[in-house]
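Visitor: Okay, sequence plus prediction incoming.
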Amino acid sequence: MNIWINLILDVVLIGLVTAGLIQATRLIQHLSGLREGRIEMERFVREFNNVVIRAEVGIKNLRQAARDSGNDLEKMVDKATLMRDELHFIVESADRIAGRLSQDASSARPAAESSAQAPAETVTQFPPKKAQETLSSSQASRAERELMQALEKLG
């Protein structure tokens, strides 16, 4: 009977050792799967880190480009504002000069009709000397001087 008990205990121990080996084999397979997963995860993290770095560089470049564009746009707006102001001044000056010319022309008509001078002589005195003197004595802008030169060439 003692032999039977030893035999049963040996079979039970063999069964337990076999079950342990099977579990150890499964555990080794799971561990190798985890190692492969860890290697994949490390590769993914490295690639993700590279993508994040490229995105940060891209964002910095976009910010710089936006700053540069904003500065350029601001300069263009400033230039346009200056040009608008100068054009406004030119239009006002031209209106004043046109008013003076109209006034001088209307006062010159009765004098031209009463005198025996030819109409061509009154037309050749365009713009009147009074307007030229007024502009030269005051601080005329470049635009006013150019306008006066253009009017003299027409006359």
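Guide: Noted; the coordinates are in hand.

Visitor: any idea how far residue 73 lies from residue 79?
Guide: 11 Å (C-beta to C-beta, to the nearest Å). (Each C-beta comes from the backbone N, C-alpha and C, glycine too.)

Visitor: give me the element residue 61 is part of.
Guide: Element membership for residue 61, per DSSP states H and E: helix 2-114.

Visitor: Tell me which other helices or strands that helix touches.
Guide: helix 119-124, helix 129-137, helix 142-154 (3 or more C-beta pairs under 8 Å, 6 or more residues apart in numbering; DSSP states H and E).

Visitor: From the contact counts, what lies against the longest one?
Guide: Okay, so that is helix 142-154. helix 2-114, helix 129-137.

Visitor: For residue 145, grab the count of nearby residues.
Guide: Burial measure for residue 145: 12 neighbouring residues, criterion other C-beta atoms under 10 Å.

Visitor: typo on my end, residue 143
Guide: So residue 143, with other C-beta under 10 Å, has 15 neighbours.

Visitor: Likewise for residue 12?
Guide: Residues near residue 12, counting by other C-beta under 10 Å: 10.

Visitor: Out of the helices and strands packed on helix 142-154, flag the one nearest residue 152.
Guide: helix 129-137 (8.1 Å; C-beta to C-beta).

Visitor: Would you point out the helix or strand in this structure whose mean pLDDT is lowest?
Guide: helix 119-124 (a mean of 45; mean pLDDT, DSSP states H and E).

Visitor: how near is the most centrally placed residue in the chain to residue 83?
Guide: Nearest to the mean C-alpha position of the chain, by C-alpha atoms, centre = their mean, lies residue 69 at 3.0 Å. Using C-beta to C-beta, we find residue 69 at a distance of 21 Å from residue 83.

Visitor: and if you look at residue 9?
Guide: For residue 9 relative to residue 83 (C-beta to C-beta), the value is 108 Å.

Visitor: for residue 90, what are its contacts?
Guide: Contacts here follow C-beta atoms under 8 Å, 6 or more residues apart in numbering; on that basis residue 90 touches 143, 144, 147.

Visitor: Model confidence for it, exactly?
Guide: pLDDT recorded at residue 90 is 90.

Visitor: What of residue 136?
Guide: For residue 136, pLDDT reads 48.

Visitor: What of residue 143?
Guide: 74.

Visitor: and what of residue 110?
Guide: For residue 110, the model assigns a pLDDT of 63.

Visitor: Right, I'll call it a day here.
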